[in-house]
Each structure stands twice: as structure tokens, then as C-alpha cells.
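Trainee: heads up, no residue letters with this:
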Ligand SMILES: O=C(O)[C@H](O)[C@@H](O)[C@H](O)[C@H](O)CO
Ligand SMILES: [Zn+2]
């Protein structure tokens, strides 16, 4: 039995850290700090972090096959040139909803960029309900809307055989599944595969492991949980020394380490006394399971 260890590897004070993505080519972790409008890259060997500030909240980032990255910035899908620190717009969504912004996003097994929206929060978890939608940016840069009525669009990933799309609307306290057609990108047949328990609080970011099990970061729950989407059972709970865990991904050597982002915003000074590392990047080792590489957007 390997033993699980948890370490804060980067004492960043992210207001809302999110969207961790491992970039093998640079041996680094990408992540965003949404309200700070920052896209960050942390180099595993040098331990240096580079930050690019954009002109609107950056809610997710993904690799791009053509080089650089893609990111969801405000209500735009953007291409990001890391060298000259610029973002160019690929598509704009929710133009009729002035208070909306993108939230979590990820690239599907065929290289399409999925991301959902939400109304801007006045405080963590406080927002106008059902304003969000789920979108997909296709390789030719056209966008399709899949559904609306979303509260906080979050956690997304695909099954290892690419036949299921997993999705979280946080305030439904449910992890959902859809049938997935990887040829067309179409989703159908929504159902719930796991309902969160009270002490798990709010489901946020999610990733799949190499055994097809789901890892969900629990906002306010201070943990990541491992779920079997076939049986609907929780298999494991890993607690972290911070409350507002937001998302997780596998990375490092052979994708054998898990990286977890979290938020500092919304914690009062008293709370910060017992969780001084809130907003940092955490690394979990010894899980005994690996992840899979992130896919690049192919447009
Ligand atoms: O990171 C996100 O997904 C949202 O942008 C955050 O604001 C929080 O998760 C939310 O506050 C939880 O309720
Ligand atoms: Zn999130």
C-alpha cells in the first residue's frame, strides 16, 4: 500500500485558483486565478511561476495543437500567445447576458473545447440562478450551445472509451453523465451518477483517472473524492488542509501525481489562521493510480 501525501507546492494566494492542466512539453502546471484575470504556469523543476494578466476573468485554459494555449476569458474563447502575452478572440458567447462569464472548460478526446458559463457571483456561491449554458468551440471556431438553465457550469471530462461525457452543475450537487458521440460531439441522455453528501458540500472541478474513475474537488468540503461512475459509489476521500478546493488534474512523471487548486476568497481572517495556505497549489502523491494526458484543442 502506498501512502498518500499532500503538500502545498506553490504558496500562491489565488483568489480563485482553477483549471489545473499539466503541460508535459514544458514540465509545468498551467492554472488560472479567475477574478485576478491571471493565467499562470508553474515550472516543476525551477519552481518558478510565470503569470500573464488578461483583460477579463480567465476561467479555464487548455493546450493548443498549433502552439500556445486556448482559454476562456470573460465571455470569449481566446487563443493565447504565451511569448508576447497576448490573447486573440476566437469566438464570443452569451452576448445577450451582460452579467455572465465563462467558468470551467476542457478539451474533449477529439480536440473540441467545451466550456460553460454562469452569472457573475456577488459572493462565492451567490449569483442569479440558471443563467449559464454549456458551449463547445469546434476546430473551425464555430460554437454550439448544448443546453442552458445552468447555475455554475463546472467539472467536465470524458470516459476512457469516449462514449460518456461527465458534467457538473455545481448547485445541483450532482455529478451527471451523458452519452457521447465523439465523431460529432453530440451529447444525449442526461442522468446523475453521484449525489454529493452534505459534508462534501459543492462539487466543482473534476478529472478522470486511468482506471475510468472520477475525481471531484469539493468546494467548501476541503477534499477530493474518487467516484465509480458505474456503481455510483464513492471509493476514496482525500482531505486537504484548505476548505475551498476547486479543481484537480493529474500531472508530473507519468501523470502519477495529482495537482489541486483552491480559493482564498471568501475565507475570513479567522479562517485563514488555520488554513494559511488557502489559494495555493497542492500536490497529492501516493494515490496508486495515474491520470491521462490532457488533449490539445486542434483548431
Ligand atoms: O471556480 C468555480 O467554479 C467558480 O467560478 C467559483 O466561483 C466557485 O467554484 C463557486 O463559488 C462555488 O460555489
Ligand atoms: Zn470550478
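Mentor: Thanks, I have the structure now. In this text, all values refer to a predicted model and were calculated from it rather than measured experimentally. Ligands and ions are numbered 1, 2, ... in the order given.
Trainee: Quick one: name the residues of this structure near ligand 2.
Mentor: Residues of the chain found near ligand 2 (Cβ under 5 Å from the ion) are 104, 154, 204, 205. Where you see a C-beta, it was placed from the backbone N, CA and C, and this is true even at glycine.
Trainee: isn't the last one right up against residue 248?
Mentor: Yes. Using Cβ atoms under 8 Å, residue 205 and residue 248 qualify as a contacting pair, with a distance of 6.0 Å.
Trainee: Which one of these two is surrounded by more residues?
Mentor: Between residue 205 and residue 248, residue 205 has the larger neighbour count (other Cβ atoms under 10 Å), namely 31 against 26.
Trainee: Remind me which helix or strand that one belongs to.
Mentor: In the assignment (DSSP states H and E), residue 205 maps to strand 202-208.
Trainee: for that strand, packing partners?
Mentor: strand 17-23, strand 153-158, strand 164-169, strand 174-181, strand 214-219, strand 245-251 (3 or more Cβ pairs under 8 Å, 6 or more residues apart in numbering; DSSP states H and E).
Trainee: and the second one, how far out from the chain's middle?
Mentor: The one in question is strand 153-158. 7 Å (Cα atoms, centre = their mean, to the nearest Å).
Trainee: relative orientation of it and strand 245-251 in degrees?
Mentor: 20 degrees (axes from the mean of the first three to the mean of the last three Cα atoms, to 10 degrees).
Trainee: List the neighbouring strands of strand 153-158 plus their orientation.
Mentor: strand 164-169 (antiparallel) (DSSP bridges).
Trainee: sorry, back to before: tabulate the residues of the chain next to ligand 2 (JSON lines), appending pLDDT and distance to residue 234.
Mentor: Shown next, in JSON lines, are the residues of the chain next to ligand 2 (pLDDT from 0 to 100; distance: Cβ to Cβ, whole Å):
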{"residue": "104", "pLDDT": "98", "distance to residue 234": "21"}
{"residue": "154", "pLDDT": "98", "distance to residue 234": "18"}
{"residue": "204", "pLDDT": "98", "distance to residue 234": "16"}
{"residue": "205", "pLDDT": "98", "distance to residue 234": "17"}
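Trainee: any idea which of those is closest to residue 141?
Mentor: residue 104 (20.3 Å; Cβ to Cβ).
Trainee: Touching, that closest one and residue 60? I think so.
Mentor: Yes. Here residue 104 reaches residue 60: they are 5.4 Å apart, a contact under Cβ under 8 Å.
Trainee: Show me whatever sits in contact with both of those two.
Mentor: Common contact partners of residue 104 and residue 60 (Cβ atoms under 8 Å, 6 or more residues apart in numbering): 18, 19, 115.
Trainee: about what we covered before: now for the residues of the chain next to ligand 2: which two are most distant?
Mentor: By the measure Cβ to Cβ, 104 and 204 form the most distant pair in the residues of the chain next to ligand 2, at 7.8 Å.
Trainee: so what sits against both of the two?
Mentor: Taking Cβ under 8 Å, 6+ apart as the contact rule, residue 104 and residue 204 both touch 154, 155, 247.
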